[in-house]
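Chemist: no letters, just coordinates:
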């Protein structure tokens, strides 16, 4: 069955071809941006898309939200005529896209905002447009002693009340790496994490498929504590759900999220303009504010509100406080770890 987005993209393309008969279908189609699902799509639709349209004279754009693995699969299957122009990836998938030669180098020399990004976000293959931050989330109505460490998930009073995500998600993999480090492991060896998970099983209430599904479990009252994404939790709080976020003493995990131009895109110039808007100070400032609360990578953005209160007062402090994992090393073992996790961690 054809999706609404596919029909919209086709209609816009055919309209352009009618106006300009010399254009091919690929050249005529609107810019397609594969954002993430849920709150990310909402934020990009409300803030990024209007900024892009303002800079391009109202050029058409289609948001096509999907997981990174699906973005890579779609582009890889149609390299000569990719159905996506701009991809959004967590650090692991971003490296996979590069390894598969699916990414156009970013024209750094033409960029007005690239130099304003913090150093770790200045990736020539595609800048990091924002951070996702993972720490401990809990229900303050039921958890009277707030957690301070990943190890608190093993506390006996949380029997049957802990939620986690599987390792298909970046959150789940990042959490397992940090558990491994607590027990002598590393990014290349998470055997200690699998051993620790055996003792966590009595506390587990759910293994969610993704961070969004995990956040929903708080809304449904099925879990009281979990590793969690700061942005997703703040959106729940805004809806009145009793939930709080805290950085563990070991350090909250920061995942930089890369925005990349797809190789062979017929809309490379528009893709560049979309990314320029995404990394600009005005757009990142607005996305940092409620209700979106997306952590910026542009050093000119002044941290305010809940982000300044809970995470960091500026991007310099953010880089010092957070844990940045080695995803090149993680990627080497991750496929086997996912299989093992799905086999061993069952409720």
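Modeler: Ah, there it is. Keep in mind that this is a model prediction, so the values were computed, not measured.
Chemist: give me the low-pLDDT residue ranges for the protein?
Modeler: Counting by pLDDT under 70, the chain contains low-confidence ranges at 1-28.
Chemist: mind running it again at 50?
Modeler: Applying pLDDT under 50 to the chain flags residues 1-2, 7-26.
Chemist: state which helix of it is the longest.
Modeler: helix 327-344 (DSSP state H).
Chemist: would you mark the buried spots in that one?
Modeler: 327, 330-331, 333-334, 337-338, 341 (16 or more other CB atoms under 10 Å). No exception for glycine: its C-beta is placed from N, CA and C like everyone else's.
Chemist: give me the contacts around that helix.
Modeler: Contacts to helix 327-344, defined as CB atoms under 8 Å, 6 or more residues apart in numbering, come from residues 91-92, 94-96, 166-168, 172-173, 176-177, 186-188, 190, 194, 197.
Chemist: re the thing from before, will you turn the buried residues of helix 327-344 into TSV that also has distance to residue 282?
Modeler: As requested, these are arranged in TSV below (distance: CB to CB, whole Å):
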residue	distance to residue 282
327	30
330	34
331	34
333	40
334	36
337	40
338	39
341	41
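Chemist: nearest to residue 286 among those?
Modeler: Checking these against residue 286 by CB to CB gives residue 327 as the nearest, at 28.4 Å.
Chemist: please name the nearest non-neighbouring residue to residue 265.
Modeler: Leaving out its chain neighbours, the residue that sits closest to residue 265 by CB to CB, 6 or more residues apart in numbering is residue 85, at 4.3 Å.
Chemist: how about that neighbour, what does it touch?
Modeler: Counting by CB under 8 Å, 6+ apart, residue 85 has contacts 31-33, 261-262, 265-268, 270-271.
Chemist: now do it against residue 92, distance only.
Modeler: Separation of residue 85 from residue 92 (CB to CB, to the nearest Å): 22 Å.
Chemist: ok, residue 315 next?
Modeler: Distance, residue 315 to residue 92, using CB to CB: 23 Å.
Chemist: which one's more surrounded, the two?
Modeler: For residue 315 and residue 92, the more surrounded residue by other CB atoms under 10 Å is residue 315, and the numbers stand at 23 against 20.
Chemist: thought residue 95 was touching residue 68, still the case?
Modeler: No - contact criterion CB atoms under 8 Å: residue 68 and residue 95 do not qualify, at 10.7 Å.
Chemist: looking at those two, which is more packed in?
Modeler: When residue 68 is set against residue 95 and neighbours are counted by other CB under 10 Å, the residue ahead is residue 68, at 21 against 17.
Chemist: next, that one: phi, psi?
Modeler: Dihedral pair for residue 68: phi -60, psi -40, per degrees, to the nearest 10.
Chemist: show me the helices in the stretch 201-347 of the chain, by range?
Modeler: Secondary structure of the stretch 201-347 of the chain by DSSP state H, counting those that start in this stretch: the helices cover 211-219, 230-238, 268-278, 281-288, 305-310, 315-321, 327-344.
Chemist: how about CSV for those helices, with distance to residue 53 added?
Modeler: Converted to CSV, the helices of the stretch 201-347 of the chain look like this (distance: least, CB to CB, whole Å):
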stretch, distance to residue 53
helix 211-219, 27
helix 230-238, 24
helix 268-278, 9
helix 281-288, 12
helix 305-310, 27
helix 315-321, 28
helix 327-344, 33
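Chemist: number of residues surrounding residue 109?
Modeler: Per other CB under 10 Å, the neighbour tally for residue 109 reads 6.
Chemist: one more: the one 5 residues further on?
Modeler: Residues within reach of residue 114, counting by other CB under 10 Å, total 20.
Chemist: hmm, it is touching residue 279, no?
Modeler: Yes - with contact defined as CB under 8 Å, residue 114 counts as touching residue 279 (6.8 Å).
Chemist: what touches both of these two?
Modeler: Going by CB under 8 Å, 6+ apart, residues that sit against residue 114 and also against residue 279 are residue 127.
Chemist: list phi and psi for the residue nearest to residue 265.
Modeler: Main-chain torsions, residue 85, degrees, to the nearest 10: phi -100, psi -30.
Chemist: distance of it from residue 34?
Modeler: From residue 85 across to residue 34, the span is 9 Å (CB to CB).
Chemist: do the same with residue 263
Modeler: Taken as CB to CB, the span from residue 263 to residue 34 is 14 Å.
Chemist: quick one: list the elements packing against the helix or strand harbouring residue 136.
Modeler: Following DSSP states H and E, one finds residue 136 within strand 128-138. Secondary-structure packing of strand 128-138 (3 or more CB pairs under 8 Å, 6 or more residues apart in numbering; DSSP states H and E): helix 170-182, strand 225-229, helix 230-238, strand 244-246, strand 253-262, helix 281-288.
Chemist: the longest one: what's the following helix or strand?
Modeler: Downstream of helix 170-182, the next assigned helix or strand under DSSP H and E is helix 191-200.
Chemist: quick check: buried residues in that following helix?
Modeler: So, applying 16+ other CB under 10 Å, buried residues of helix 191-200: 192-194, 196-197, 200.
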